[in-house]
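1. my questions are about this predicted structure, shown below with the sequence.
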Amino acid sequence: WYQRRVREPPQKTTMKLLLVFAALLACTAAVDTIVMCNRMENGTLTAGNCSANVTMCHSKVNVEYTGLVGEYGCDACDAAAKTAGTCVDCTSNSTTACNVAVEVHTFSCFDYTFSANDSKWMASAKAVTCTANKDTPVKCNKPGTAANGNYSVPHTGCGPCAEDALNDNTCVECGKDSCNSAATIAVFMAPLIALLYTLL
């Protein structure tokens, strides 16, 4: 009246389970993670796929008033470069590269060197190019009347003065492109003006 159900041997059931598990592993292994990163190709930042299972991109960093350092590419930053602040990285995806171009703006300032023979600071014949972060205001600096020959002009004339140098008049700053373009600055100008004042 009824059909007796024949139970499979335990060995056969175990084998089926192993085959199913192996199939699941094969499917999982076949799906690689592919993300996009930007890289420089012939001077142009170009997005492209990275090697399988690379999930991060790295990009250049702007060193304020100095310029861009590092590279764009696939994979995370080298630990030493990241510590030094010359590389940043990000987690990317398969449709859009996360390491976009670093936004900067440039302006011009003049560098200064000290002439020991003339006891004067001399402006460079040509302005230097200053590279700053996109939101950084234009600033140039030059030696003030209190700056002697041991003074060091910060960032080749790009950017602001240090606060203490500004306060003691060893540095002066201005806020326009190429605004620090005076031909020379005499180190002893202040004492000379004081002497001339007493003689008049």
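-> Cool, the structure landed.
2. identify the residue nearest V153 in space, chain neighbours excluded?
-> Leaving aside its chain neighbours, V153 sits nearest to Y112 (4.9 Å; criterion: Cβ to Cβ, 6 or more residues apart in numbering). C-beta: built from backbone N, CA, C; applies to glycine.
3. any idea which residue is closest to the centre of the chain?
-> V61 (1.4 Å; Cα atoms, centre = their mean).
4. now the end-to-end length of stretch 160-170.
-> 12 Å (Cα to Cα, to the nearest Å).
5. any buried residues in it, and which?
-> 160-161, 165, 170 (16 or more other Cβ atoms under 10 Å).
6. how about those in TSV, adding secondary structure?
-> Formatted as TSV, these follow (DSSP: H, G, I helix; E, B strand; the rest coil):
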residue	secondary structure
P160	coil
C161	coil
A165	helix
T170	coil
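7. and the residue lying closest to K142 once chain neighbours are set aside, how many neighbours?
-> The shortest distance from K142 to any non-neighbouring residue, by Cβ to Cβ, 6+ apart, is to N180 (4.1 Å). Other residues near N180 come to 24 when the count uses other Cβ atoms under 10 Å.
8. please apply the same query to G149.
-> Neighbours of G149 using other Cβ under 10 Å come to 13.
9. so how far is C174 from it?
-> Distance, G149 to C174, by Cβ to Cβ, to the nearest Å: 23 Å.
10. swap in T131?
-> Distance from T131 to C174, by Cβ to Cβ: 18 Å.
11. sounds good, over and out.
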